[in-house]
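Novice: Quick one, what's the 3D model for this:
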Amino acid sequence: MNPTSGPILAAGFPLGSSAGLVTAFEWLGQPYRITRVDMLGEMRTDAYKRLNGRVETPVLITEAGQVVTETMAIALWLEARDTERRISFEPGTRQADRLHQYLAFLNTGFTGAFYPMWVALEAQEATEGEKETLRKFGRQFVALRHAQLEAMMGDNDYLLGDRPTLADAVFAGVARWADFHQAIEPRDYPRTLELRRRIEADPAFRFALAIEDGKPAIGSGAMTGLVPLEQVLRDTGGAAA
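Specialist: A predicted model of the protein is given here:
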């Protein structure tokens, strides 16, 4: 890897949660690169499995060529490099603890609530009855997690105050799945809906979606280039994560 060009985020499409981390990188403003990963094709190859054996995105390849998987781990990697505290808070403070609380909830309960519906979508051998059961449970879980998030939120513009943080980025990358799966009526959760609208109108998130869709995009200038996945897999030497 070229250590002078910044880390590389392997961002999945379509509808990858990685869009949230791209948004966070944009807000952070430090150099990084992106490699786009087709989750319906490239991600399922043996070459990609050597990069991440769990066959998932996102994946971060650091300047030193180290592989970091899992959204939570990558978010904490970003937090450690946020010396100007643009998207995080001073370690040891109450706000930093609350940030970690939100990140944990969003990365486990909130994201995991959609799992039954993804299974229903991809389970080719399941009967329609089995798929509908999965969708039913999924809708219940998603509704529960939205209600819990509504209860956690205050009256601020963002999850932790008047500016966006890592938590808002992680939220935005996943929250749009509710529309795709028609899991809830968004208006039943007004705080969550307003937060979604605010972040989805942000230039950083719009940039993330354009990159996801493979469209021309102008971001903050932090993203220094797109790297072909083949190059990333070759340069990492198939390092297992």
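
Novice: Could you use CA atoms for every contact and neighbour count after this?
Specialist: Fine.

Novice: mean confidence score for stretch 76-83?
Specialist: On average, the pLDDT along stretch 76-83 is 98.

Novice: Residues touching that stretch, excluding its own?
Specialist: Contacting residues not belonging to stretch 76-83 are listed as 25, 28, 87, 88, 166 [CA atoms under 8 Å, 6 or more residues apart in numbering].

Novice: residue ranges of the strands in this protein, please?
Specialist: With DSSP state E, the ranges of strands along the chain come out as 8-13, 32-38, 59-61, 67-69, 223-226.

Novice: Single out the most deeply packed of the ones you listed.
Specialist: With neighbours taken as mean count of other CA atoms under 10 Å, these reach their highest mean count in strand 8-13, at a mean of 25.

Novice: so for it, what's the average pLDDT?
Specialist: Taken as a whole, strand 8-13 has an average pLDDT of 98.

Novice: Next, the angle from that strand to strand 32-38.
Specialist: Interaxial angle, strand 8-13 versus strand 32-38 (axes from the mean of the first three to the mean of the last three CA atoms, to 10 degrees): 30 degrees.

Novice: shaky segments in the protein?
Specialist: Within the chain, the stretches with pLDDT under 70 are 1-4, 238-241.

Novice: And the helices in it?
Specialist: Under the criterion DSSP state H, helices of the chain are mapped to 18-28, 46-51, 71-81, 94-105, 111-112, 115-122, 128-152, 166-175, 177-180, 190-200, 203-212, 229-235.

Novice: want to try a markdown table for these, with distance to residue 62 and mean neighbour count as columns?
Specialist: As requested, the helices of the chain are exported to a markdown table (distance: least, CA to CA, whole Å; neighbours: other CA atoms under 10 Å):
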| stretch | distance to residue 62 | mean neighbour count |
| --- | --- | --- |
| helix 18-28 | 13 | 26 |
| helix 46-51 | 13 | 19 |
| helix 71-81 | 10 | 17 |
| helix 94-105 | 21 | 17 |
| helix 111-112 | 25 | 18 |
| helix 115-122 | 29 | 17 |
| helix 128-152 | 32 | 17 |
| helix 166-175 | 18 | 25 |
| helix 177-180 | 28 | 14 |
| helix 190-200 | 27 | 18 |
| helix 203-212 | 20 | 21 |
| helix 229-235 | 11 | 15 |
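
Novice: nearest to residue 219, of these?
Specialist: helix 203-212 (5.7 Å; CA to CA).

Novice: what does the closest one contact?
Specialist: With CA under 8 Å, 6+ apart as the test, helix 203-212 has contacts from 11-16, 19-20, 22-24, 26-27, 36, 199-200, 216-220.

Novice: mind redoing it with 10 Å?
Specialist: With contact meaning CA atoms under 10 Å, 6 or more residues apart in numbering, helix 203-212 is reached by 11-16, 18-27, 34-38, 169, 172-173, 198-200, 213-220, 226.

Novice: quick one on the thing from earlier: how about CSV for the strands of the chain, with distance to residue 150 added?
Specialist: CSV is the format used below for the strands of the chain (distance: least, CA to CA, whole Å):
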stretch, distance to residue 150
strand 8-13, 28
strand 32-38, 32
strand 59-61, 29
strand 67-69, 29
strand 223-226, 33
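
Novice: and of those strands, who's closest to residue 193?
Specialist: strand 8-13 (23.1 Å).

Novice: Quick check: the farthest pair among the contacts of stretch 76-83?
Specialist: Taking CA to CA, the two most distant members of those are 25 and 88; they sit 12.2 Å apart.
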